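Visitor: sequence and predicted structure, then a few things I'm wondering about:
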Amino acid sequence: MPTPLYRFHCTDGHDLVVDLQGKRLPTWALMRVHAERVALDVMLCRAPRDWSAWTVEVYDSAGRHVVSKPFTDVLAVRQARQG
């Protein structure tokens, strides 16, 4: 069975960062971890702003929505890990 391909698009409902390449990930857990990395990368590479409305929207290779990951959740997890 082939490894699923996911695309990780980021949006606040107005602006959009499109993932044209996608990433093949063998498990749901790795897909969720990658979504967090994508959110962090977008926050680090773009000018500081209010990220509270931003989410990573994950789609499978057929274009079906798989999961949403709010940037605020990613920030909360990161802050908890840093103690």
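Guide: Okay, I see it. All values derive from a computational prediction rather than experimental measurement.
Visitor: so where do the strands sit in this protein?
Guide: 5-11, 16-17, 23-24, 55-60, 65-70 (DSSP state E).
Visitor: can you lay out the ones you listed as TSV showing mean neighbour count?
Guide: (Each C-beta comes from the backbone N, C-alpha and C, glycine too.) Putting the strands of the chain into TSV (neighbours: other CB atoms under 10 Å) gives the following:
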stretch	mean neighbour count
strand 5-11	19
strand 16-17	13
strand 23-24	15
strand 55-60	20
strand 65-70	15
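Visitor: of all these, which one is nearest Met31?
Guide: strand 5-11 (5.4 Å; CB to CB).
Visitor: the closest one vs strand 65-70, what angle?
Guide: Put simply, strand 5-11 runs at 40 degrees to strand 65-70, going by axes from the mean of the first three to the mean of the last three CA atoms, to 10 degrees.
Visitor: strand 5-11 vs strand 55-60, what angle?
Guide: Using the same axes, to 10 degrees, strand 5-11 lies at 160 degrees relative to strand 55-60.
Visitor: avg pLDDT for strand 5-11?
Guide: The predicted model gives strand 5-11 an average pLDDT of 97.
Visitor: which strands and helices sit next to it?
Guide: Here strand 5-11 touches strand 16-17, strand 23-24, helix 28-45, strand 55-60, going by 3 or more CB pairs under 8 Å, 6 or more residues apart in numbering; DSSP states H and E.
Visitor: Provide the strand pairings for it, with the direction of each partner.
Guide: In the sheet, strand 5-11 lines up against strand 16-17 (antiparallel), strand 23-24 (antiparallel), strand 55-60 (antiparallel) (DSSP bridges).
Visitor: same list (the ones you listed) but as a markdown table, adding mean pLDDT.
Guide: Output for the strands paired with strand 5-11, formatted as a markdown table (pLDDT from 0 to 100):
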| stretch | mean pLDDT |
| --- | --- |
| strand 16-17 | 95 |
| strand 23-24 | 98 |
| strand 55-60 | 98 |
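Visitor: pipe those into CSV and attach distance to Met1 per row.
Guide: What follows is the strands paired with strand 5-11, written out as CSV (distance: least, CB to CB, whole Å):
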stretch, distance to Met1
strand 16-17, 30
strand 23-24, 12
strand 55-60, 14
